[in-house]
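Participant: With the sequence up front, the predicted model follows.
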There are 2 protein chains.
Amino acid sequence: MEVTERTRLRRMREKGSHRREDLDTVLSAGFLCHLGVVVDGAPMVVPTVYGVEGDVLYLHGSVVSRSLVQAPDGVVCVTVTHVDGLVLARSVFEHGVNYRCAMVYGVPRIVTDPDEKLRGLRALTERATPGQWEYARQPSRKELAATSLVALDLAEASVKIAAGPPDDGDSPDAALGLWAGELPLVTRFGPLVADPLLADGIRPPAHVTERVGRLLGEG
Amino acid sequence: MEVTERTRLRRMREKGSHRREDLDTVLSAGFLCHLGVVVDGAPMVVPTVYGVEGDVLYLHGSVVSRSLVQAPDGVVCVTVTHVDGLVLARSVFEHGVNYRCAMVYGVPRIVTDPDEKLRGLRALTERATPGQWEYARQPSRKELAATSLVALDLAEASVKIAAGPPDDGDSPDAALGLWAGELPLVTRFGPLVADPLLADGIRPPAHVTERVGRLLGEG
């Protein structure tokens, strides 16, 4: 990946990377990003779902489409963050968060080609809900036309990972005798909730039931 | 809260709100936000921790401080998103995400008054790690000076909540006989990981151990 002024890694405490495999690891651990666009000179940050195919990030995005119309050459920033836990140190100053974060910059492109739109929608559907693309009814031509899909090149990106114990274990504060360590945060898929309108006797498919209890990012 | 053009709620499927109590509910269910700023004309979206005291949102923010120096009148957007699950519909088109999201816009102010800085830092420390402000060593004057804290008024904000089953339970697609419903995502605090440098015999305090197993947002 290309290193630019805005993706250059500045902070010392976090481990930074511009390696594509680190980017892929962060992107494949979730399905939701925060998309930042500039609208009328002000930033707007909205959550949306994403998918990856090859070197392209696909975003579900009526919001960015609207802003693209306003500023066709506008750069966007897509940030994907996974929070792994809280860092409890001896001093308040050394408290922090363990996380994995990817930031991708680029000028997005509205996808208009129906074949690419299908591929992109498939990528983001399968990222969030693997197996559903084949199981559910796929988009009609009308639905496809009503869906806004945006493509962003993965060329300009950076990854930051903060992990491990607090930094003050060998500082004078260690003598305070306070507990220090990590309080992890774990995100799992919970028990299924059937649609109240579901007809009797329809069982959830295996690709859905097997996710229950799994960690987000495990698939 | 004031309703402006950019916080006006546009989408039909999601339930929107401008009520302060709904904003407070979303903000009190987590500790991490995505902060959007404009830097050299491009949006930058970074994760950071926040706290609330009264009508003020406090953000830990070296990034926004840097951009504030560049554009002292610049608006920022702070977005807090909690993902509650995946919505599995009969058609791909009706798939979605259940979430709670708050967006706050405003011109931030760098906090310089030492008393306000302490109050703000306390608010964000206690949001993420309740009990640690009193337990851990509080910031020294030098640490306080080295910490960037930003204040943002809660006046201009909107909340969106998407919840419940998919929308196609009474559509012709219901006749397809496919399972539909929600696959919830549940985030809990996991087992503590002690700092490897922790001296023998130091036990974690009750305000930390009692969070293990709890849902994020329960405290």
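Facilitator: Okay, I see it. Residues are numbered from 1 along each chain as shown, chains lettered A, B, ... in the order given.
Participant: Strands along chain A, start to end?
Facilitator: In chain A, strands defined by DSSP state E lie at A:15-17, A:32-39, A:42-53, A:56-60, A:76-88, A:96-106, A:109-110, A:149-153, A:156-162, A:181-189, A:193-194, listed in chain order.
Participant: Look up the closest residue to residue A:24, ignoring the ones flanking it.
Facilitator: residue A:52 (7.5 Å; CB to CB, 6 or more residues apart in numbering or on different chains). (Glycine included, C-beta is placed from N, CA and C.)
Participant: Most distant residue from the centre of chain A?
Facilitator: residue A:175 (39.9 Å; CA atoms, centre = their mean).
Participant: sorry, back to before: state the pLDDT value of the residue nearest to residue A:24.
Facilitator: Predicted confidence (pLDDT) at residue A:52: the value is 97.
Participant: what's the longest helix in chain A?
Facilitator: helix A:114-128 (DSSP state H).
Participant: on contacts alone, who are the packing partners of that helix?
Facilitator: Contacts defined by 3 or more CB pairs under 8 Å, 6 or more residues apart in numbering or on different chains; DSSP states H and E place helix A:114-128 against strand A:42-53, strand A:56-60, helix A:132-135, helix A:141-145, strand A:149-153.
Participant: Can you report how many residues neighbour the residue nearest to residue A:24?
Facilitator: Residue A:52 is surrounded by 18 other residues when neighbours are defined as other CB atoms under 10 Å in any protein chain shown.
Participant: pretty sure it contacts residue A:78?
Facilitator: No - the criterion here is CB atoms under 8 Å, and residue A:52 misses it with residue A:78 at 11.1 Å.
Participant: does stretch A:81-100 come close to chain B?
Facilitator: Yes - under the criterion of CB under 8 Å from any CB of the partner chain, chain B is reached by stretch A:81-100 at A:81, A:83, A:85-86, A:88-93, A:95, A:97, A:99.
Participant: between these, which has the most around it?
Facilitator: Per-residue neighbour counts (other CB under 10 Å) across those peak at residue A:88, which has 29 neighbours.
Participant: Enumerate every residue touching that residue.
Facilitator: Shown in contact with residue A:88 (CB atoms under 8 Å, 6 or more residues apart in numbering or on different chains): A:95, A:166, A:179-183, B:129, B:132, B:136, B:208.
Participant: Please name the nearest non-neighbouring residue to residue A:96.
Facilitator: residue A:87 (4.2 Å).
Participant: thought the one you found was touching residue A:93?
Facilitator: No - contact criterion CB under 8 Å: residue A:87 and residue A:93 do not qualify, at 11.5 Å.
Participant: Next, format the strands of chain A as TSV and append distance to residue B:39.
Facilitator: Output for those, formatted as TSV (distance: least, CB to CB, whole Å):
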stretch	distance to residue B:39
strand A:15-17	18
strand A:32-39	10
strand A:42-53	9
strand A:56-60	21
strand A:76-88	9
strand A:96-106	11
strand A:109-110	22
strand A:149-153	18
strand A:156-162	14
strand A:181-189	29
strand A:193-194	42
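Participant: Among the ones you listed, which comes closest to residue A:124?
Facilitator: Of all the strands of chain A, the one in closest proximity to residue A:124, counting by CB to CB, is strand A:42-53 (3.1 Å).
Participant: Relative to that closest one, what are the paired strands and their orientations?
Facilitator: Counting by DSSP bridges, the strands paired with strand A:42-53 are strand A:32-39 (antiparallel), strand A:56-60 (antiparallel).
Participant: Give me the domain ranges for chain A.
Facilitator: Dividing chain A into domains by automatic domain parsing, as the record does, gives the ranges A:15-185, A:187-219.
Participant: Out of the ones you listed, indicate the one that is most buried.
Facilitator: For the domains of chain A, the stretch with the most neighbours on average is domain A:15-185, a mean of 19; neighbours defined as mean count of other CB atoms under 10 Å in any protein chain shown.
Participant: quick one: low-confidence parts of chain A?
Facilitator: Under the criterion of pLDDT under 70, the regions of chain A flagged as low confidence span A:1-13, A:63-64, A:66-72, A:219.
Participant: For residue B:15, which of the domains of chain A is the nearest?
Facilitator: Proximity to residue B:15 (CB to CB) singles out domain A:15-185 among those, at 15.4 Å.
Participant: Give me the distance between the two termini of the closest one.
Facilitator: Distance between the boundary residues of domain A:15-185 (CA to CA, to the nearest Å) amounts to 20 Å.
Participant: What of stretch A:172-185?
Facilitator: Stretch A:172-185 has its terminal residues 29 Å apart, counting by CA to CA.
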